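Asks: Structure, please.
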Amino acid sequence: MLRHESFPLDGFDQYYELPPAGSAHTCLTEEAVQRALFSQSVLKAPGPEKLSVGPIWLLWQWDKERIVRLTRAVIRMGRHSEVWKQASSVVVCKPCKDDYTELMASPSIWLLSCMGKVVEKVAAELLSEEAE
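Replies: A predicted model of the protein is given here:
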């Protein structure tokens, strides 16, 4: 039941033609990547790659340009990495429910890649600025 509700079959083809490249990656600043990276809590559980945000913070202090270049490349390509699309799901039962066979009595929590979250936050900020 949880699998069917969380992963419905819709027949959508995940392979599509990429749109022409834009120039949003040129607007990306080091400060925007830093805001997106350090807005994450070090206490949150890591995604399927088991890499929490703490080691990425250390890499930022040693080689921030590498993270900025990686983020710019993903924005320039317009395609999220397949590795960052993977998620781990944990089912958590809510306390004091009468019937635990109901779907909402045990919702899923999705654990996503920390670097994927950084790219998503940067992309959301770029889209928000463009919309304004």
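Asks: Buried residues in the helix or strand containing Ile109, which are they?
Replies: In this assignment (DSSP states H and E), Ile109 forms part of strand 108-112. Residues of strand 108-112 classed as buried: Leu111, Leu112 (neighbour count, 16 or more other Cβ atoms under 10 Å). Every C-beta, even on glycine, is put in place using the N, C-alpha and C of the backbone.
Asks: what's the following helix or strand after it?
Replies: Heading C-terminal from strand 108-112 (DSSP H and E), you reach helix 114-131.
Asks: Which of the residues in that following helix are classified as buried?
Replies: Cys114, Met115, Gly116, Lys117, Val118, Val119, Glu120, Lys121, Val122, Ala123, Glu125, Leu126.
Asks: now Ser108: how far from Ala87?
Replies: Distance, Ser108 to Ala87, by Cβ to Cβ, to the nearest Å: 10 Å.
Asks: next helix or strand past the lowest-mean-pLDDT helix or strand in the chain?
Replies: Ranking every helix and strand in the chain by mean pLDDT, DSSP states H and E puts helix 2-6 at the bottom, with a mean of 62. Next helix or strand after helix 2-6 toward the C-terminus (DSSP H and E): helix 24-27.
Asks: Can you tell me the SS state at the residue sitting furthest away from the middle of the chain?
Replies: For the chain, the largest distance from the centre (Cα atoms, centre = their mean) belongs to Asp98, which lies 34.0 Å off. Assigned state for Asp98: coil (three-state reduction, DSSP: H, G, I helix; E, B strand; the rest coil).
Asks: Could you check the pLDDT of it?
Replies: On pLDDT, Asp98 comes in at 76.
Asks: Dihedrals phi and psi, it?
Replies: In terms of degrees, to the nearest 10, the main-chain angles of Asp98 are phi -70, psi -40.
Asks: any idea how far Glu31 is from it?
Replies: On the measure of Cβ to Cβ, Asp98 and Glu31 end up 50 Å apart.
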